[in-house]
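S.K.: What would the 3D arrangement of this be:
(chains A and B)
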Amino acid sequence: MFKKMLFSVLLACSFSAAANIVVIVNPSNTSSVNAEELVRIYTGRSNAFSAVNLAESVPLRAQFDEKGVGRTSAQLKAHWSKLVFTGKGTPPAELANEEAVLEFVANNPQGIGYISADKVTSAVKVVHTIN
Amino acid sequence: MKKTVLSLALLGCLTAPAVFANVAINGFASIKGGMTTGSDEFLYGYDDSFDLKNESLFALQVKSDLGEKLSVTGQLLGRGNKDFDVGFEWAFITYELSDNMRVNAGRLRTPFYKYSDFKDVAYAYDWLRVPQGVYGLGFDNIEGVSFYRTAQLGALESTLQAVAGSYDGKAIVSGLEVDAEIKNILGLTWELAKGNLSGRVAYLTGKVTIDAESASLGQNVTIGGLFNTLNGFGLNNLVSAIDIQEEKGTFLGLGLTYDNSDWVAVSEITRVKVDNSFIAEQNNYYVSLGKRFNSFTPYVSYEVEDNESRDDIFLPFQTVLPPQLFVPVQGLVRSQERSTKTWNLGARYDFHPSAAFKVQYSSEKNDTTGDRAGLIALGVDLVF
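M.R.: Next up, the predicted model:
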């Protein structure tokens, strides 16, 4: 029994560590999002969606910056500071955790965000997966 | 469609207080210090005693979203070399015409260079400071209107900016601070990017008036006094070839950037002209190469300034003018002669998610005066 529990805990841990990041939108949204469009959205070149980000303190954020947007968190911050301090854009609002992202996207027809694959519910639609 | 917008707006109202604030406060700061490497060396406001004030600055930006696509932004900035006296560096309203078009009106940054808009936000680039040989023109801000449009042209990302306005303030001419005015400024900048490569072109023109008349030429002679004497001799043509009264000024800048997240190479070349004045044509450029090793980015850059004085203004008068008039005329025109070459070697280290440590050594060789100046500077740039 104990062994089995340990095994399943280990399994769960290894799963969450290796979990894919999925990009989610509101189920009512029929737009498609590919890797390039995702980069445009999260670098301020596309306002087609109302994008939200995870707070910097959430480990998934750095993974998303790196794998989803293709830049380090520092590079992205430098990029956004160019836009913010020149009146050319506002970065996606930062939410405290994946649950908040899920809730925002579920309640906002134009919303887009990202969470780990194992947190997906039927309240949102997965449009892109980042390995 | 209308319904969607309406429900979206309603939803926005319901969720807004929790997610988005109406007023966003951001800021940036640089704390930098430096000193030149020799007692008779001066560069970028530094001498050979360590100075922590010269290039330090602190800025707060308040942006208020008024809804209906309208927002207002003010950026308060204090510079160490101005005793941290705080003033509005930027103050403008923004109206979003559409998702990819916006109009800004108010006090704006003149978009001469690729890094003009955010040259004070040093966190946004790798260098300790933007290349002074190219960025040293002044006239940083204008009062006016700017139209900004981003678009996707096939595989190219296009960023177009058109600007119109005027400048009324100080300028540095031949090392002297003078009153300057540029009216009817019109400019267009266009940046095209594809993958790792991007190119930029900027063209601006305006009517330049610079009041240097009270500036001293030494020995109780002011520029204005010299002009009066020349006019007294009937040499109005010479005076009008020298002075800067509503002369057409033009700026042309070209930039090229390659950035594959690993290597970053940047170059800009600029040409500045003020017709019918003693201001020399300025042909400047820089090239810069950096390599990113995770959070550590060493770089090297090279800058060239080439301002050839307009000797053709005074040469025809060499035999006509008495020496006591010819010498100051020649001196004034020649004061614009400047030829420098500068090497910079430095590094950026992202030691914190919102802050970068930088160190840079610069060595400027002035071929006009024969002087050389070395400068070591270091500091921290941050955004918050």
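S.K.: give the contact list for residue A:51.
M.R.: Contact analysis of residue A:51 by CB atoms under 8 Å, 6 or more residues apart in numbering or on different chains lists A:41, A:42, A:92, A:111, A:112, A:113. C-betas here are computed from N, CA, C, even on glycine.
S.K.: Let's see that with 7 Å instead.
M.R.: Taking CB atoms under 7 Å, 6 or more residues apart in numbering or on different chains, we find residue A:51 in contact with A:41, A:42, A:92, A:112, A:113.
S.K.: between these, which is nearest chain B?
M.R.: If you rank the contacts of residue A:51 by distance to chain B using CB to the nearest CB, residue A:92 comes first, at 10.4 Å.
S.K.: For that closest one, grab phi and psi.
M.R.: phi -60, psi 140 (degrees, to the nearest 10).
S.K.: what's the pLDDT at it?
M.R.: The score at residue A:92 is 94. That number is its pLDDT.
S.K.: what do you get for the one 5 residues further on?
M.R.: If you check residue A:97, the pLDDT there is 96.
S.K.: now do residue B:6
M.R.: Predicted confidence (pLDDT) at residue B:6: the value is 43.
S.K.: Next: residue B:98.
M.R.: Predicted confidence (pLDDT) for residue B:98: 89.
S.K.: Kindly report the residues of chain A close to chain B.
M.R.: With CB under 7 Å from any CB of the partner chain as the criterion, chain A meets chain B at residues A:45, A:47-48, A:56, A:71, A:73-74, A:77-78, A:81-82, A:84-88, A:93, A:104, A:107-110.
S.K.: And the contacts of the helix or strand hosting residue B:365?
M.R.: Assigned by DSSP states H and E, residue B:365 falls within strand B:355-366. The contact list for strand B:355-366, computed with CB under 7 Å, 6+ apart, reads B:43, B:123, B:127-128, B:340-351, B:372-382.
S.K.: If you count neighbours, what's buried in stretch A:21-29?
M.R.: A:21, A:22, A:23, A:24, A:25, A:26, A:29 (16 or more other CB atoms under 10 Å in any protein chain shown).
S.K.: Now go through those and say which are in strands.
M.R.: Counted as lying in strands by DSSP state E, out of the buried residues of stretch A:21-29, are A:21, A:22, A:23, A:24, A:25.
S.K.: from the residues you listed, which two are the most distant?
M.R.: A:21 and A:25 (14.2 Å; CB to CB).
S.K.: What average pLDDT does stretch B:127-135 get?
M.R.: Averaging pLDDT along stretch B:127-135 yields 96.
S.K.: Spatially nearest residue to residue B:34 (excluding sequence neighbours)?
M.R.: residue B:377 (3.0 Å; CB to CB, 6 or more residues apart in numbering or on different chains).
S.K.: Now do the contacts for the one you found.
M.R.: So residue B:377 contacts B:32, B:33, B:34, B:55, B:128, B:360 (CB under 7 Å, 6+ apart).
S.K.: so which of those residues would you say is closest to residue B:172?
M.R.: Checking these against residue B:172 by CB to CB gives residue B:55 as the nearest, at 16.3 Å.
S.K.: Tell me the secondary structure at the nearest residue to the closest one once chain neighbours are set aside.
M.R.: Ranked by CB to CB, 6+ apart and with sequence neighbours excluded, the top spatial neighbour of residue B:55 is residue B:32, at 4.4 Å. Recorded secondary structure, residue B:32: strand (DSSP: H, G, I helix; E, B strand; the rest coil).
S.K.: Hmm, residue B:381 and residue B:32 touching each other?
M.R.: No: judged on CB atoms under 7 Å, residue B:32 makes no contact with residue B:381 at a distance of 8.0 Å.
S.K.: Looking at those two, which is more packed in?
M.R.: More crowded of residue B:32 and residue B:381, by other CB atoms under 10 Å in any protein chain shown: residue B:381, with 26 against 23.
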